[in-house]
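[1] Next input, structure requested:
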Amino acid sequence: MFVNFLIGQEKPISDWKTTIENENLLISERVLSIDDKKNGIEKEYIQYSYQNKTQKQLYVNWDFKSNYKYSNEKLELTDEDYRVLILEPNQTFIPKYSIQKDRIFLVFKRVVNAKKINPLIYSSFANLTTKKL
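    This is a model prediction of the structure:
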């Protein structure tokens with residue numbers, strides 16, 4: 001018996017645009033809508049694409065630094081902001097909301113149709129480093 005654990009529909013609502021590019025790595029972003037009204041989910045996320053431009057494995061690490069409109073918190077980085085990827089040669093990794101372990105690579109943007117629920121002002125890749133393995 002096949003059981004579908006897909007949560008909502010993932011729908012791109014913007015085109016890909018380059019966020020960061022260097023000799024080893026290309027990071028692009030677009031806005032992704034998650035629409036699952038049945039389960040009360042109507043959100044937008046920033047979805048990133050991570051492309052290894054080398055012929056070797058690539059170790060990538062960074063901190064997601066995000067600022068939300070109604071947040072009074074200081075923008076200090078914590079362990080929760082830290083991310084690591086190991087990309088195979090020429091691999092492109094595009095995380096999906098429907099895959100639980102991928103969600104840490106998405107950045108919450110806003111709740112659809114909610115005016116005062118902390119919309120994202122900006123998100124950036126702090127302390128980004130790459131290393132060929």
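
[2] what ranges of this structure fall below the confidence cut-off?
    Counting by pLDDT under 70, the ranges of the chain that qualify are 1-8, 40-41, 68, 70-79, 111-118.

[3] Beyond the helix or strand encompassing residue 66, next helix or strand please.
    Take DSSP states H and E as the rule and residue 66 turns out to sit in strand 58-68. Once the chain leaves strand 58-68, the next helix or strand it forms, by DSSP H and E, is strand 82-87.

[4] The next helix-or-strand element following that following strand pairs with which strands, and in what direction?
    Once the chain leaves strand 82-87, the next helix or strand it forms, by DSSP H and E, is strand 92-93. Paired neighbours of strand 92-93 in the sheet (DSSP bridges): strand 41-52 (antiparallel).

[5] Sort out which residues of the partner strand are buried, please.
    For strand 41-52, the neighbour count (16 or more other CB atoms under 10 Å) marks 42-52 as buried. The C-beta positions use only the backbone N, C-alpha and C, and glycine is treated the same way.

[6] Tabulate those residues in a markdown table, adding columns for distance to residue 61.
    Formatted as a markdown table, the buried residues of strand 41-52 follow (distance: CB to CB, whole Å):
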| residue | distance to residue 61 |
| --- | --- |
| 42 | 32 |
| 43 | 26 |
| 44 | 26 |
| 45 | 21 |
| 46 | 19 |
| 47 | 19 |
| 48 | 14 |
| 49 | 17 |
| 50 | 12 |
| 51 | 16 |
| 52 | 14 |
